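Colleague: Next come a sequence and a model predicted from it.
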Amino acid sequence: MSESDTTQDLYAVADFCLIPMGTSEPSVAKYIAKCQSILEETGLTGYGTNLEGPWSEVSKAIHDCHAAVHAQGAPRIATDIRIGTRIDREVVPGEGNNGKVRRVQEILATEKEKAA
């Protein structure tokens, strides 16, 4: 995608923390389990609540988690979201985070070799 192309959906890596509030019990595990099942249905990749995919799909997945948790009776939800995008190079879907981890591992391996 060129830096001036704004019509194409951005590829996004999003980390979010969803916190159900105002529930009648101290445990929120059932709400988080429901959200996790929603995320699994999306087919988006990631680890836990770290998602990769087109911006619109990532946003919809977070929205759907909110809707499902409200439907289970949570009257309030607080969510922190951190989203990163890049347009300076192509990102293979599902490889954004894996590529970052590999790059850091390569740097660390090179540093170990130099130190040895």
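Modeller: Nice, I can see it.
Colleague: what are the ranges of the strands in this structure?
Modeller: 11-21, 45-47, 50-54, 76-85 (DSSP state E).
Colleague: okay, the ones you listed, which one's buried deepest?
Modeller: The highest average neighbour count among those, using mean count of other Cβ atoms under 10 Å, belongs to strand 50-54 at a mean of 20. Placement of C-beta: from N, CA and C, glycine included.
Colleague: from the middle of its chain, how far away would it be?
Modeller: Computed by Cα atoms, centre = their mean, to the nearest Å, the chain-centroid distance of strand 50-54 equals 5 Å.
Colleague: mind listing what that strand pairs with, with the direction of each?
Modeller: For strand 50-54, the paired strands and their directions (DSSP bridges) read strand 11-21 (antiparallel), strand 45-47 (antiparallel).
Colleague: what's near enough to touch the closest residue to residue 76 other than its chain neighbours?
Modeller: Excluding the flanking residues, the one nearest residue 76 by Cβ to Cβ, 6 or more residues apart in numbering is residue 21, at 4.1 Å. Neighbouring residues of residue 21 by Cβ atoms under 8 Å, 6 or more residues apart in numbering: 74-78.
Colleague: For the biggest helix by length in the chain, C-alpha coordinates in PDB please.
Modeller: Longest helix of the chain, by residue count under DSSP state H: helix 96-115. Output of helix 96-115 as PDB, limited to C-alpha atoms (Å, rounded to 0.1, in the frame of the first residue of the first chain):
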ATOM      1  CA  GLY A  96       3.100  -9.100  12.000                       C
ATOM      2  CA  ASN A  97       3.900 -10.100  15.500                       C
ATOM      3  CA  ASN A  98       5.800 -13.200  14.500                       C
ATOM      4  CA  GLY A  99       8.100 -11.100  12.300                       C
ATOM      5  CA  LYS A 100       8.800  -8.700  15.200                       C
ATOM      6  CA  VAL A 101       9.700 -11.600  17.500                       C
ATOM      7  CA  ARG A 102      12.000 -13.200  14.900                       C
ATOM      8  CA  ARG A 103      13.700  -9.900  14.300                       C
ATOM      9  CA  VAL A 104      14.400  -9.400  18.000                       C
ATOM     10  CA  GLN A 105      15.700 -13.000  18.300                       C
ATOM     11  CA  GLU A 106      18.000 -12.500  15.300                       C
ATOM     12  CA  ILE A 107      19.500  -9.400  17.000                       C
ATOM     13  CA  LEU A 108      20.000 -11.100  20.300                       C
ATOM     14  CA  ALA A 109      21.600 -14.100  18.500                       C
ATOM     15  CA  THR A 110      24.000 -11.800  16.700                       C
ATOM     16  CA  GLU A 111      24.900 -10.000  19.900                       C
ATOM     17  CA  LYS A 112      25.600 -13.300  21.600                       C
ATOM     18  CA  GLU A 113      27.900 -14.400  18.700                       C
ATOM     19  CA  LYS A 114      29.800 -11.100  19.000                       C
ATOM     20  CA  ALA A 115      30.200 -11.500  22.700                       C
END
